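Engineer: Sharing a model that was predicted from the sequence below.
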Amino acid sequence: MAPSLDRARTRPPPSRRSRSSPVNGKLPVAILWHMHQPYYKHPQTSEFVLPWVRLHASKDYLHMARLLQEFPRVKVNFTMVPSLRDQLEDYARGADDEDTRLTMRTVDGVLADEERVHILRRFFSIHHGNVIHRYQEYRRLLQLAMATGDRHELLSDDYFVDLALWFNLAWIDPDDIRADQRLVELADKGARFTRDDVRYVIGRQRFMASGVPHLYHRLERDGQVEILTTPYYHPILPLIIDDRSALRSDPDAQLPEIPFAYPDDAAFQLEEAIASHERAFGVRPRGVWPSEGAVSPEAADAIRKAGLAWFASDEGVLARSVNVELRRDEVGALIEPGLLYRPYRLANGATVIFRDRELSDRIGFVYGDMKPEDAVGDMIVKLERARDRLPNEGGPYLAAIILDGENAWEQYPNNGNDFLRALYGKLEADDRFETVRISDFLEKTPATVELPRLHTGSWIEASLRVWSGEPAHARAWSALERTRRFAQEQWGSLRYMPKSVRQPLMVAEGSDWFWWYSSRNSSPEDAVFDALFRANLEVVWWFAGAEPPDDIRSPLMDPQRVTAAGNRIGAMLPGAGERYG
C-alpha cells in the first residue's frame, strides 16, 4: 500500500533543487483541454435549438487538434464529452439548428420581423474586439445595427444576407480560413453575398464537424494525444449520487425538501460514457475528468467501480482534503509544489491528480490580454520556480494544467493561435519540461502517496454551490426528482427504462442547466436553457400518457431574470467581450 499522506512529510524544503525528476530530470507537464457543450437537441422536435456545437467545431475543436500537429513532440490530453460527440455526428449527418435555417432563409428575402430581431441579437454573438473588428465589413454591419437601434425595417434584405454569412464565417478559425481559397475570397469580397456563398460556408462547417472525432482518434493512435471521457451528459456526480453532499462544503445551501439520490444513475452515466468512447475510438478510456472537476468519496468509488484508473480535480479540493494552504510567491509560483505536483492514491485503488489553478485560470482568463511571448514567459517562470523547489526525493511529480478548451480562445487575438504556438514551441524546445499523456505517465510512475480523505467539491471554490444551494436550484432539483421518481415507479431503474425516457432523464441530470439556474451565471439564452431543461422532463410524463405537473410546465428561473436576458443582444458595444456558447 502507498504510504499515507502526512502533513510533515509533504512539506519539502523550498530551497532544494530537483536534479533527479522522474523523466530524465524534466518536470512532467500534463495539459488537459476539456471539450464540452450542453446537449442542445430538443427532445420533442429533435432539432438543435442553439448553434454552439456547430460553431465551436469550426472555430475550436478542429483547429486545436490541427495546430498541435505542428509540434509532434508535444503531448496533450483532451476530453470529448460523449454527448458532444453525439451532436457533432448529428451535424455531420446533416442536422440543422435554428440559426442554420435562418442563415439560409436570408437569401430568400422573406424574413419575418421576429426573425430579423433574432438575427440581430444572435449574429453578433462573438467577441467584438478580437473577432468582429478584425473584419472591416463585419464591423460596418455592427455599426449599422447600432445606428438603427430597434428600427430593423431600415436594414435591407442584403444586409441580413451579409450579416448571416459574416457571423458564420467569423466563427471559423482564422488558420482554416486562410487555408481555404474560397473562404479567403469571401472574406475579401465582404458584401453582396449569394446563395452559393452562404451555402458554401455552412457546408464547410458541417464538413469540419464531421472531421473532429476522426482527427482526435488519429492523434491518439499516433501517441500524441490521450482522449479522456466524462460522464455521458456531463452531470455533477456527487449531486446525482446524493444532493445532500452539497452541505459538506456549504452547510447553508438551500436544498429541496425531497433529496435527489440516485447513485445508480451516476454509475450508468459513467458506464454509457465508457461504452460510447470504446465504440468511437476503439479503446476503453483510462481516465476521466468528472464534470466540472466535481468529486466526492462516493463519486471516486463510482469512478473506480466503472473500471477507470484515474480522475482529476482542482487544487482547492486537495487543499481542503489535507487542510493545508497552497502558498505561492510574489509571481504566483508554488512555494511548496511537492504537495500539488504529484498523483495521489486513494484507498479504493484509484489515482487522482489535481490541477494547478493559477496556471490553468491564467490561460483561461488572463493571458488573452497579454502578448503571446509575455504570457508564455509568465507561465514558464511559474513552472521553472516550482520545478526548482521540488525535493530530490519523494516523486513522482506532475504539473497538471486543466481547463476549458473551447471558450477561452475568442478572448485572444487570432483565436489563441499565436499563444498556443508560442506555448507548444517553448515546451517542445525547453529541456526542463516534458509534456505527457497522463495515463502513460501514471503507468510508468504510479502514485506513491495515499490521500486519506477526499473533500467534496469542484474546480469552483472547492464547493458545489454553482449547481446547488439557491432557490432556483431547489426548484430545478425538485422537478428533476419528481420526474425521476415517477419514471422509477413506471419502469424501474434508469438502465431498464425505454430509451425515449432514459435519454431525456440523463440529459436533464446534466450540469449545464443547474449552472444557468445559479444567480452568478447569466446569458442571453437563460430562457432557452430553462425551457430545454423542462422539455426533457415533460417528455417523460408524456411517454407514460400522463400530463406533466404544472410546476414543470412553468419557468423555474426568476421571471425578471429571464426577461432581462431576453432583452440582451449581441450588438451591445464595440469591443464587447461577452462570452457566448
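Structural biologist: Nice, I can see it.
Engineer: so where is the stretch 201-350 of the chain shaky, pLDDT-wise?
Structural biologist: Filtered on pLDDT under 70, the stretch 201-350 of the chain yields no residues whatsoever.
Engineer: any idea how far the nearest residue to P82 once chain neighbours are set aside is from R284?
Structural biologist: Of all residues not flanking P82 in the chain, S276 sits nearest, at 4.3 Å (C-beta to C-beta, 6 or more residues apart in numbering). Bear in mind the C-beta positions are built from the backbone N, C-alpha and C, glycine included. Distance, S276 to R284, by C-beta to C-beta, to the nearest Å: 11 Å.
Engineer: Quick check: next helix or strand after the helix or strand encompassing I227?
Structural biologist: Per DSSP states H and E, I227 falls inside strand 225-228. Counting by DSSP H and E, the next helix or strand C-terminal to strand 225-228 is helix 237-241.
Engineer: Give me the contact list for that following helix.
Structural biologist: Under the criterion C-beta atoms under 8 Å, 6 or more residues apart in numbering, residues 231, 245-246, 260-263, 265-266, 269-270, 290-291, 294-296, 298-299, 302-303, 456, 464, 467-468, 477, 509, 514 lie in contact with helix 237-241.
Engineer: Verify the stated contact: the residue nearest to P82 with R85.
Structural biologist: Yes. Between S276 and R85 there is a contact at 7.3 Å, judged by C-beta atoms under 8 Å.
Engineer: Neighbour count: these two, which is higher?
Structural biologist: Set side by side, S276 and R85 show more neighbours around R85, with 23 against 19, by other C-beta atoms under 10 Å.
Engineer: Just want to check the distance between the residue lying closest to the more buried one once chain neighbours are set aside and P51.
Structural biologist: Spatial nearest neighbour of R85, excluding adjacent residues (C-beta to C-beta, 6+ apart): P213 at 5.7 Å. Distance, P213 to P51, using C-beta to C-beta: 19 Å.
Engineer: likewise Y61?
Structural biologist: Note on Y61: its distance to P51, by C-beta to C-beta, is 14 Å.
Engineer: Who has more neighbours out of those two?
Structural biologist: Neighbours per residue, other C-beta under 10 Å: of Y61 and P51, the larger number sits with Y61, 29 against 25.
Engineer: residues contacting the residue lying closest to the more buried one once chain neighbours are set aside?
Structural biologist: Take Y61 and drop its neighbours on the chain: the residue closest to it by C-beta to C-beta, 6+ apart is V212, 4.6 Å away. Taking C-beta under 8 Å, 6+ apart, we find V212 in contact with A57, Y61, L62, A65, L88.
Engineer: can you tell me the helix or strand for V212?
Structural biologist: Going by DSSP H and E, V212 is part of helix 195-221.
Engineer: buried stuff in that helix?
Structural biologist: By neighbour count with 16 or more other C-beta atoms under 10 Å, helix 195-221 contains the buried residues 197-198, 200-202, 204-206, 208-213, 215-217, 219-220.
Engineer: what does stretch 266-280 give?
Structural biologist: A266, A267, F268, Q269, L270, E271, E272, A273, I274, S276, H277, A280.
Engineer: can you map out the helices along the stretch 451-581 of the chain?
Structural biologist: Listed in chain order, the helices of the stretch 451-581 of the chain (DSSP state H, counting those that start in this stretch) span 471-491, 499-508, 511-517, 526-543, 550-553, 559-566.
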